[in-house]
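> okay, predicted coordinates and the sequence, questions at the end:
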Amino acid sequence: MRIAFGTDEATAVTDAVQARLRTTGHEVVVVAEGDPWPEAGRAVGEAVAGGGADRGVVCCYTGTGVSMAANKVPGVRAALCTDAATATGARRWNDANVVALGLRLTSAEVAGEILDAFLGTEVDADERSAIDRLEGAGGDAG
């Protein structure tokens, strides 16, 4: 799988994330490294939405800013995940195509578990109509 990667700062965790992606057979395309978080999130979102990557990974101190920036790109469904169970649900029920990781509290080990769950989970076909409503309503699934 081709994975777009962006972070506002390079850390031991971002190095571990990129290494984990590569060792599990994915092609990593670094679209932002050290750029301010709005640009890092947007760059990954654009790569995914534009078809340059199958999925994306974004990182910043809390993970919140990059997830918000990525979600501004039409067609992106970024989810801030703090554990593997949340990443599994984000893929299964929401068809998340970008995962956001917070660098403050996420260890390299937990990040690896999140990536494995995010990249190894398929979308539940029974959720497709709800996901389509999210896309068709401009984000207002209400």
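Here it is on my side, so go on.
> could you use CA atoms for every contact and neighbour count after this?
OK.
> which SSE is residue 106 in?
Under the criterion of DSSP states H and E, residue 106 resides outside all helices and strands.
> you'd agree residue 103 is up against residue 64?
No: using C-alpha atoms under 8 Å, residue 103 is not in contact with residue 64, being 10.5 Å away.
> which parts of the chain are strands?
Using DSSP state E, the strands of the chain run over residues 2-7, 27-33, 55-60, 78-80, 98-102.
> most tightly packed of these?
strand 55-60 (a mean of 30; mean count of other C-alpha atoms under 10 Å).
> wait, residue 48 touches residue 6, no?
No: in this structure, residue 48 is not within contact of residue 6 by C-alpha under 8 Å, at 11.6 Å.
> was I right to think residue 10 contacts residue 35?
No: here residue 10 does not reach residue 35: they are 9.9 Å apart, not a contact under C-alpha under 8 Å.
> measure residue 62 to residue 68 for me?
Residue 62 is 11 Å from residue 68, where distance means C-alpha to C-alpha, to the nearest Å.
> between these two, who's got more neighbours?
residue 68 (19 against 16; other C-alpha atoms under 10 Å).
> so what's residue 4 up against?
28-31, 44, 47-48, 52-57 (C-alpha atoms under 8 Å, 6 or more residues apart in numbering).
> tabulate those (TSV), appending pLDDT and distance to residue 77.
Shown next, in TSV, are the contacts of residue 4 (pLDDT from 0 to 100; distance: C-alpha to C-alpha, whole Å):
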residue	pLDDT	distance to residue 77
28	98	19
29	98	19
30	98	19
31	98	18
44	98	11
47	98	13
48	98	10
52	98	16
53	98	14
54	98	12
55	98	10
56	98	10
57	98	12
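> ok, so of the residues you listed, who is nearest residue 1?
Of all those, residue 1 sits closest to residue 54, with 6.3 Å by C-alpha to C-alpha.
> how far away is the spatially closest residue to the closest one that is not a sequence neighbour from residue 56?
Nearest residue to residue 54 in three dimensions, chain neighbours excluded: residue 2, at 5.3 Å (C-alpha to C-alpha, 6 or more residues apart in numbering). Distance of residue 2 to residue 56, given as C-alpha to C-alpha: 8 Å.
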